[in-house]
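K.L.:
one predicted model, sequence on top.
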Amino acid sequence: MMTNLCVLLIEPDSAGAARLSRHLAEADYEVTAQRVDTAAALQAVLSDSRWQVVIAWAQLPALPPTAVLDILHTVGRDLPLLVVDDHPRIETAVSLLKAGASDYLTQDDLPRLGTAVRQAIAAAQARAARTQQCIDTAIRAYELWTHTLLAAMHDLVMIVDENGRFLEIIPTTPETLYVPREEALGKKMADIFPPDKANFFNEQLRLALANQLPVETEYSLPMHGREAWFKARFSPLPDKTVLVIISDITTAKQAEADIQHEKALSDSLINSLPGIFYLFNEEGQFLRWNENFEKIGGYSAAEFNHLHPLDLFTDQDKALIAERIGEVFQTGRADAEASLITKDGRRLPYYFTGARIQYNNTPCLIGMGIDIGERLRTEKSLLELKQAVDTSGDVIFLTDRDGIITTINAQFTNLYGYTAAEVVGKTTPRILKSGQQDLAVYERFWQLIVVRQNIV
């Protein structure tokens, strides 16, 4: 039974080509042959996919076997090449077989040309089968990888043309689709979305294509009875289409809103404090403060960003404050009294507290300052009053509303004979009976005290 064979013959003349065809016919081949003798002619005929094998005469100067192999590689045709050499050499045979030739024959080997062709074609077919198997394996691996990747993705992937028409939608998360995939494919933005949203999306497409750069944006859509937020990236593709990748950021937006709410609440609490509030790190950078601190200190928020805590104290107090700040970061807590220097130079006495906390994973000092000016003024007044009482030439004693003595001066002891240890905490009528005054004096004292009248 004859076997069809399409063969390219690299021969300088028709006689040589006829001789090869005869040997192939004797091997039961129905031969379809074409002779070529130049590189250009070979390149031209290789566009025809019917050729199964190439047989080349080794002594053709215009188209040697190595040039034939180069052309086959260049055009991407994996055809077996058999070389026939009138002057065979071992070195030539080895070199050509290493370069990719399928067989090397001499004139004496031509009777087995049919067998050599059959073996070369079988080897090429086996090689092609192995190559295809590798390709199929790679394709399956890629498809598996793609499937796994898409299954793990939470983003929606779309391809849209320049007119806003949906060409492809990969529904990795179908619940994020505004309408089902089947309803959207082939339709334009304006067919799917409200006019304002459609115009917005089309504008992003236009920008991406015009600038040939990705465009990122955020938007919201009413979905499933709630406002859903999305982040979209429009990336231009070479064929005037755009790859759109959409992420659902609703949860992130809600978390952001919750954080803003919590911050607003904390700001309200901080700003409602009666004193000044501060939070700074170990480098002395203010991270939080309340409005009262700005008002009292006279510094703006921008100025606070560049202030160090020690900038707010006199040289006399800086050493103490620096020591107490260090104590907070070492032991966890400290306090101090010092004068706060305002922007306009005023000195305000304050009691400062400090505690170490972790804020954004960083050790920080948090504390409050309380204006103790009124307390110091009161203490000063009381000290002045005590000095006046102690140095007065008159008898002075103080009682509460129940007649319990709380304070006496030296003249009281001199007149009535009682020391402070003997009378403080005692009821006045029982004590005021030293024997140094008659009963009428004590009764008059008590009557005046009860009716809240001065004793003269």
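P.N.:
Received the coordinates, thanks. All values reported here derive from a predicted model rather than from experimental measurement.
K.L.:
correct me if wrong: L69 contacts L82.
P.N.:
No - the pair L69 and L82 fails to qualify as a contact (C-beta atoms under 8 Å) at a distance of 11.9 Å. Any C-beta I mention is one placed from the backbone N, CA and C, and that applies to glycine too.
K.L.:
run through this protein and note the low-pLDDT ranges.
P.N.:
Along the chain, segments meeting pLDDT under 70 span 146-147, 149-153, 389, 393, 427-456.
K.L.:
re the thing from before, comparing L69 and L82, which residue is more hemmed in?
P.N.:
L82 (22 against 18; other C-beta atoms under 10 Å).
K.L.:
residues touching the helix or strand containing the more buried one, excluding its own?
P.N.:
Element membership of L82 [criterion: DSSP states H and E] is strand 81-85. Strand 81-85 is contacted from outside by 20, 53-59, 65, 68-69, 72, 92-93, 96, 100-107, 110, 113, 116-117, 120, using C-beta atoms under 8 Å, 6 or more residues apart in numbering.
K.L.:
let's go with 6 Å and repeat that
P.N.:
For strand 81-85, the external contacting residues (C-beta atoms under 6 Å, 6 or more residues apart in numbering) are 54-58, 65, 96, 101-105, 116, 120.
K.L.:
which residues in the stretch 1-150 of the chain form strands?
P.N.:
3-10, 29-36, 53-57, 81-85, 103-106 (DSSP state E, counting those that start in this stretch).
K.L.:
given the third one, what are its sheet partners and their directions?
P.N.:
Within its sheet, strand 53-57 is paired with strand 3-10 (parallel), strand 81-85 (parallel), according to DSSP bridges.
K.L.:
could you give the angle of the longest one to strand 29-36?
P.N.:
I take that to be strand 3-10. Angle of strand 3-10 versus strand 29-36, following axes from the mean of the first three to the mean of the last three C-alpha atoms, to 10 degrees, is 20 degrees.
K.L.:
buried residues, strand 3-10. List them.
P.N.:
L5, C6, V7, L8, L9, I10 (16 or more other C-beta atoms under 10 Å).
K.L.:
before we move on, back to that, out of the strands paired with strand 53-57, which gets nearest to L279?
P.N.:
L279 lies closest to strand 81-85 among the strands paired with strand 53-57, at 81.9 Å (C-beta to C-beta).
K.L.:
distance from that closest one to the middle of the chain?
P.N.:
64 Å (C-alpha atoms, centre = their mean, to the nearest Å).
K.L.:
hmm, back to that, so which of the strands of the stretch 1-150 of the chain gets nearest Y418?
P.N.:
Among these, the nearest to Y418 by C-beta to C-beta is strand 81-85 (135.7 Å).
K.L.:
give the buried residues for that closest one.
P.N.:
Applying 16+ other C-beta under 10 Å to strand 81-85 flags L81, L82, V83, V84, D85 as buried.
K.L.:
dump these to CSV, plus distance to N271.
P.N.:
Formatted as CSV, those follow (distance: C-beta to C-beta, whole Å):
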residue, distance to N271
L81, 89
L82, 94
V83, 94
V84, 99
D85, 99
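K.L.:
how many neighbours does D161 have?
P.N.:
Residues near D161, counting by other C-beta under 10 Å: 16.
K.L.:
thought it was touching D239?
P.N.:
No - contact criterion C-beta atoms under 6 Å: D161 and D239 do not qualify, at 8.7 Å.
K.L.:
dihedrals phi and psi, P194?
P.N.:
The phi and psi torsions at P194 (degrees, to the nearest 10) take the values phi -60, psi 150.
K.L.:
any idea which helix or strand comes after the lengthiest strand in the chain?
P.N.:
As assigned by DSSP state E, the longest strand anywhere in the chain is strand 347-359. Using DSSP H and E, the helix or strand that follows strand 347-359 in sequence is strand 362-371.
K.L.:
strands paired with that next one, and their directions?
P.N.:
strand 276-281 (antiparallel), strand 347-359 (antiparallel).
K.L.:
distance from the chain centre to the longest one, please.
P.N.:
Here the centre of strand 347-359 is set off from its chain's centre by 34 Å, with C-alpha atoms, centre = their mean.
K.L.:
so which residues make contact with it?
P.N.:
Contacts of strand 347-359 (C-beta under 6 Å, 6+ apart): 328-329, 332-337, 339-340, 364-373, 376.
K.L.:
quick check: the residue nearest the centre of the chain vs R226, distance?
P.N.:
What sits nearest the mean C-alpha location of the chain, by C-alpha atoms, centre = their mean, is A252, with 12.1 Å. The gap separating A252 from R226 is 15 Å, by C-beta to C-beta, to the nearest Å.
K.L.:
do A93 as well
P.N.:
Taking C-beta to C-beta, one finds A93 at 79 Å from R226.
K.L.:
strands along the stretch 351-456 of the chain, start to end?
P.N.:
362-371, 397-399, 405-408.
K.L.:
who touches the longest one?
P.N.:
When contacts are taken as C-beta under 6 Å, 6+ apart, the neighbours of strand 362-371 outside the stretch itself are 275-282, 328, 350-355, 357.
K.L.:
report the buried residues of it.
P.N.:
C364, L365, I366, G367, M368, G369, I370, D371.
K.L.:
quick check: bridge partners of the second one?
P.N.:
Just to be clear, that refers to L365. Beta-bridge pairing for L365 (DSSP bridges): F280, R356.
K.L.:
number the chain from 11, please
P.N.:
Yep, numbering from 11; the last one is L375 now.
K.L.:
please enumerate the helices of the stretch 11-160 of the chain.
P.N.:
Counting by DSSP state H, counting those that start in this stretch, the stretch 11-160 of the chain has helices at residues 24-36, 49-55, 75-85, 100-109, 123-162.
K.L.:
who are the packing partners of the second one?
P.N.:
Translated: helix 49-55. Packed against helix 49-55, as judged by 3 or more C-beta pairs under 6 Å, 6 or more residues apart in numbering; DSSP states H and E, are no other helices or strands.
K.L.:
what residues sit buried inside that helix?
P.N.:
A51, L52.
K.L.:
centre of the chain to it, how far?
P.N.:
Distance of helix 49-55 from the chain centroid (C-alpha atoms, centre = their mean) equals 58 Å.
K.L.:
got the CA positions of that helix in PDB?
P.N.:
Output in PDB follows, covering the C-alpha atoms of helix 49-55 (Å, rounded to 0.1, in the frame of the first residue of the first chain):
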ATOM      1  CA  ALA A  49      17.200  30.300   0.800                       C
ATOM      2  CA  ALA A  50      14.500  32.600  -0.500                       C
ATOM      3  CA  ALA A  51      12.800  29.800  -2.300                       C
ATOM      4  CA  LEU A  52      12.900  27.600   0.800                       C
ATOM      5  CA  GLN A  53      11.500  30.300   3.000                       C
ATOM      6  CA  ALA A  54       8.600  30.900   0.500                       C
ATOM      7  CA  VAL A  55       7.600  27.200   0.200                       C
END
